[in-house]
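Peer 1: using only what follows, build the 3D model:
(one chain, ligands or ions: 1)
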Amino acid sequence: FYLVKVNQKRRDLANIPPGPKRWPLVGNFGGFLIPSFIRRWFGQQSDKNAMVDLTEKANVYGNVYSLFVGEQLIVMLNGYEVVKDALSNHPEVFSDRPDIPAITIMTKRKGIVFAPYGPVWRKQRKFCHATLRNFGLGTLSLEPCILRGLATVKTELMRLNEGPGGAGVDLAQLIKNAVSNVICSMILGQSFHHEDRQFRNILDLMDRGLEICVSSPAVLINIIPQLYYFPFGVFRELRQVERDITVFLKRVIANHRETFHPDHPRDLIDMYLKEMSVQEDSSFTEDYLFYIIGDLFIAGTDTTANSVLWILLYMVLYPDIQDRVQAEIDEVVGTHRDPSMTDKGSLPFTEATIMEVQRLTVVVPLAIPHMTSKTIEFRGYTIPKGTVIVPNLWSVHRDPTLWDGPDSFNPGRFLDEEGKLIRIEGFIPFGIGRRVCMGEQLAKMELFLTVTSLLQAFRFRLPEGTPPPTLDGRFGLTHAPFPYTVCVHPRI
Ligand code: HEM
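Peer 2: Got it, this is the predicted structure:
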């Protein structure tokens, strides 16, 4: 039986895509990934190099190439044609999620983001998507909620601006708070003041948890899962973070259960509790609800907040583009009312600028790992069942066959000669296929309203005498800009 298995494995690996030489036991984790992690642990260097490395490997091995972490085969998909071919043309094979020990221990493979591809994931995703839509996603009814949060950000920026000027402010906390409040009001039915200590604490815990998972020795849990229970250092801290977040979310669910009225659902939790009482499907449980809330909270906060921070950073570094965006907003929206989603079609340069920053910064550069659910012959290679698939969205957005001068910042590439917005197929910051981002519409709405509102109200510029911040970012769960400060000047 053992020999049959060994032979089967040898046959499976006989025609896999080519890739760099791997080290015994650790695979490419040794030669390539470990130096990158060490770089990060000691000194927090830019991670752009890791992205560039992964993308440049395609020049050597081709757009479909292999890496190994230990014995686990990972296939990297590079360039738009290849990513689309896998995720859109073969969705039944490429839409599963791998069992990543550190994540499986914490999520039990429930929720949406890391749930295995299949009927349970499909039902849960469909239900949540429909419910978010019900609470305003993609419609105008969510607009006041987003604008309310932005009004707080603007008031706070005005206040900070009146303080000792010149040094600049870090926008990260305010933006993050406003963004997470949108998802909180849809899911939990409440929003929080940016100085609310309990809420701040939860946001900080999430940051810390993600940081530990991605860039600390805790990544070793993926090789030796028992390390999760190690009673010292980051391993202990990770368990504590997980416990604190669990207590917070469970308390929110319990409060909802106690005050729940099926005829007046207030938010996603109420809708889910209602569904649990009518659904015969046993996957609709309070346990599942718990993981879904965690997923939406995490997926919906960092991604959008970092996208806004990138856009404002580009505006500071490209003041001429900021001028053009503001001129367009002034002409279409003016200064006496808030921007609205109905203005979107009339603000093509603003929209093109948002898209161009998203293209260059790729906030989720390697998507979320996929996994093959059966063996497939793909572009001349055999990719065995259970292979981890990494769609390299960074490479798609830098694909020279799609983008002219892919490294340069040029919002005009999204506009035709008449200045109208054009759709470019290879622009996929939200991924493609069955696992495409579930919050795409929500994120687009938040990005548009946040950027237009803030640029309508303020001019952003670098503090006097400070060196310009780097456009290289750091890679945790998302690709984020390094902290930076800006001076804000009221325009209205
Ligand atoms: C998945 C990008 C905002 C919820 C993803 C994926 C990407 C992505 C690239 C992975 C696709 C794949 O695996 O192939 C982004 C970006 C955002 C954003 C760039 C902001 C600019 C949001 C928001 C929500 C959200 C606001 C909240 C509703 C999700 C969920 C998934 C996901 C639930 C997992 C989908 C699944 O596995 O079925 N996102 N996202 N995202 N995103 Fe987003």
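Peer 1: grab the nearest non-local neighbour of residue 297.
Peer 2: Nearest non-adjacent residue to residue 297, counting by C-beta to C-beta, 6 or more residues apart in numbering: residue 183, 6.1 Å away. For glycine as for every other residue, the C-beta is placed from the backbone atoms N, C-alpha and C.
Peer 1: ok, now which ones touch that neighbour?
Peer 2: By C-beta atoms under 8 Å, 6 or more residues apart in numbering, the residues touching residue 183 are 296-297, 300-301, 442.
Peer 1: okay, it and residue 442: tell me how far apart.
Peer 2: Distance of residue 183 to residue 442, given as C-beta to C-beta, to the nearest Å: 8 Å.
Peer 1: what touches both of the two?
Peer 2: Residues within reach of residue 183 and of residue 442 at once, by C-beta under 8 Å, 6+ apart, are residue 300.
Peer 1: helix or strand right after the helix or strand of the chain with the lowest mean pLDDT?
Peer 2: Least confident helix or strand, the chain: helix 34-41 with a mean of 54, by mean pLDDT, DSSP states H and E. Remark: after helix 34-41, the chain's next helix or strand is helix 48-61, criterion DSSP states H and E.
Peer 1: what comes up buried for that next one?
Peer 2: Neighbour-count burial for helix 48-61 flags 48, 50-51, 54-55, 57-58, 61 (criterion: 16 or more other C-beta atoms under 10 Å).
Peer 1: export it as PDB, just CAs?
Peer 2: The C-alpha coordinates for helix 48-61 follow below in PDB (Å, rounded to 0.1, in the frame of the first residue of the first chain):
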ATOM      1  CA  LYS A  48       7.700  45.200  -2.700                       C
ATOM      2  CA  ASN A  49      10.800  43.100  -3.300                       C
ATOM      3  CA  ALA A  50       9.000  39.900  -2.400                       C
ATOM      4  CA  MET A  51       6.200  40.800  -4.900                       C
ATOM      5  CA  VAL A  52       8.800  41.700  -7.500                       C
ATOM      6  CA  ASP A  53      10.700  38.500  -6.800                       C
ATOM      7  CA  LEU A  54       7.600  36.300  -7.200                       C
ATOM      8  CA  THR A  55       6.600  38.100 -10.400                       C
ATOM      9  CA  GLU A  56      10.100  38.000 -11.900                       C
ATOM     10  CA  LYS A  57      10.300  34.300 -11.300                       C
ATOM     11  CA  ALA A  58       7.700  34.000 -14.100                       C
ATOM     12  CA  ASN A  59      10.300  35.400 -16.500                       C
ATOM     13  CA  VAL A  60      12.500  32.400 -15.700                       C
ATOM     14  CA  TYR A  61      10.100  29.600 -15.200                       C
END
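Peer 1: so which elements touch it?
Peer 2: Helix 48-61 sits against helix 34-41, strand 72-78, strand 388-392, helix 393-397, strand 473-475, with contacts defined as 3 or more C-beta pairs under 8 Å, 6 or more residues apart in numbering; DSSP states H and E.
Peer 1: OK, contacts around the residue nearest to the spatial centre of the chain?
Peer 2: Geometric centre of the chain, nearest residue: residue 303, 3.8 Å, by C-alpha atoms, centre = their mean. Residues in contact with residue 303, defined by C-beta under 8 Å, 6+ apart, are 363-364, 439, 443, 478.
Peer 1: closest one of those to residue 394?
Peer 2: Using C-beta to C-beta, residue 364 is the member of these that lies nearest residue 394, at 9.5 Å.
Peer 1: distance of the closest residue to the ligand within the chain relative to residue 244?
Peer 2: In the chain, the residue that lies nearest the ligand is residue 439 (2.1 Å; C-beta to the nearest ligand atom). Distance of residue 439 to residue 244, given as C-beta to C-beta: 24 Å.
Peer 1: quick one: the residue nearest to the centre of the chain is in a helix?
Peer 2: Yes. Under DSSP: H, G, I helix; E, B strand; the rest coil, residue 303 falls within a helix.
Peer 1: now, which of the contacts of residue 183 lie within strands?
Peer 2: Residues from the contacts of residue 183 lying in strands, with DSSP state E as the criterion: none.
Peer 1: residue 332 reaches residue 346, doesn't it?
Peer 2: Yes. Residue 332 is within contact range of residue 346, at 4.6 Å (criterion: C-beta atoms under 8 Å).
Peer 1: list the buried residues of the helix or strand that residue 448 is a member of.
Peer 2: Assigned by DSSP H and E, residue 448 belongs to helix 440-457. Buried residues in helix 440-457, counted by 16+ other C-beta under 10 Å: 441-457.
Peer 1: who in the stretch 1-150 of the chain is up against the ligand?
Peer 2: Residues of the stretch 1-150 of the chain lying close to the ligand by C-beta under 6 Å from any ligand atom are 112-113, 125.
Peer 1: among those, which are in helices?
Peer 2: With helices taken from DSSP state H, the overlap with these comprises residue 125.
Peer 1: about what we covered before: tabulate the helices and strands packed on helix 48-61 (JSON lines), appending distance to residue 211.
Peer 2: Formatted as JSON lines, those follow (distance: least, C-beta to C-beta, whole Å):
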{"stretch": "helix 34-41", "distance to residue 211": "10"}
{"stretch": "strand 72-78", "distance to residue 211": "23"}
{"stretch": "strand 388-392", "distance to residue 211": "21"}
{"stretch": "helix 393-397", "distance to residue 211": "21"}
{"stretch": "strand 473-475", "distance to residue 211": "10"}
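Peer 1: how near is residue 441 to residue 132?
Peer 2: In this view, residue 441 and residue 132 are 9 Å apart by C-beta to C-beta.
Peer 1: oh sorry, the question was meant for residue 275
Peer 2: Distance from residue 275 to residue 132, counting by C-beta to C-beta: 14 Å.
Peer 1: heading C-terminal from the helix or strand hosting residue 254, find the next helix or strand.
Peer 2: For residue 254, the host element (DSSP H and E) is helix 233-259. On the C-terminal side of helix 233-259, the closest following helix or strand by DSSP H and E is helix 268-278.
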